[in-house]
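Visitor: Pasting the sequence and the predicted model now:
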Amino acid sequence: MSSETRRLLDAATALSQLLRTHSIPHAFHGTFLTAVMSDSPRCDEIVCIVEGGPTHPFRRVRQAVAGSEHFTTTHSPWSNRLHATYRRLIPAIEASAFLAPVHPRWYIDFQIEILPAGEHGPRRLDSSTTMNLKGIPFLTLSEFVRDKIKAWTIRGSERDANDIIYTLCRYWNRLDINRVPEHDMNHFVTCHRAAALSWAALKRKYGM
């Protein structure tokens, strides 16, 4: 595994441990999933979807990380976004791997966006909608593609498209077609022909 992916995985593991301690269902999402599965050193999107409860998911996360020496949270009310920032001290020998300037004390920050379950991804995060990968929960591949195709339909992001193509082409046989919006995917493959054969294979599997 690349050192950058490992650092991101360390950040996600640390946040997951805090959320588990507070019995908060959660699952990771975003390009981070395909980076872990493909061991890609590139990842510009790491998201943690969090279930609500007696209080809003944002408040649950802020309470879970309160007092942590590694995490801080930043809430932007005007955009209704919450980010959890993980600060890690790295050995000086690793610093040369970064192209951007490194903090004088060799700290580096990793920012994880927090999103409410239901608004993004499934409303319930349980064994039917999440999978364990590298010791932490991620959305299942079906839920990942479902959320990515919805996002692509709205914003047409090439990043979302690449994640969909990677997952569909490599793991089509593991997808539940009932969780994939058929109309949106049909439109997607007309724009991205690289995914057409895998989408056709998945539909044949389900007799469509």
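Guide: Looks like it arrived, so ask away. Remember, it's a predicted structure, so these values are computed and weren't measured experimentally.

Visitor: make it CA atoms for all contacts and neighbour counts henceforth
Guide: Fine.

Visitor: So which residue is smack in the middle of this structure?
Guide: residue 29 (1.6 Å; Cα atoms, centre = their mean).

Visitor: Beta-bridge partners for that one, please?
Guide: Taking DSSP bridges as the rule, residue 29 bridges to residue 47.

Visitor: for this structure, longest helix please?
Guide: Across the chain, the helix with the greatest residue count (assigned by DSSP state H) is helix 3-21.

Visitor: Quick one: list the elements packing against it.
Guide: strand 26-29, helix 57-65, strand 107-116, strand 136-139 (3 or more Cα pairs under 8 Å, 6 or more residues apart in numbering; DSSP states H and E).

Visitor: after the last one, next one along is what?
Guide: Yep, that's strand 136-139 we're talking about. helix 141-155 (DSSP states H and E).

Visitor: ok, residues contacting the following helix or strand past that next one?
Guide: Going down the chain from helix 141-155, the next helix or strand is helix 158-171, by DSSP H and E. Under the criterion Cα atoms under 8 Å, 6 or more residues apart in numbering, residues 31, 34, 141, 145, 148-149, 151-152, 175, 194-195, 198-199 lie in contact with helix 158-171.

Visitor: With stretch 36-43 instead?
Guide: 1-5, 31-32, 34-35.

Visitor: Could you point out which residue ranges in this protein have low pLDDT?
Guide: Across the chain, residues meeting the criterion (pLDDT under 70) sit at 1, 41, 89-107.

Visitor: returning to what we had before: next up, the contacts around the residue nearest to the centre of the chain.
Guide: 46-49, 138-139, 144.
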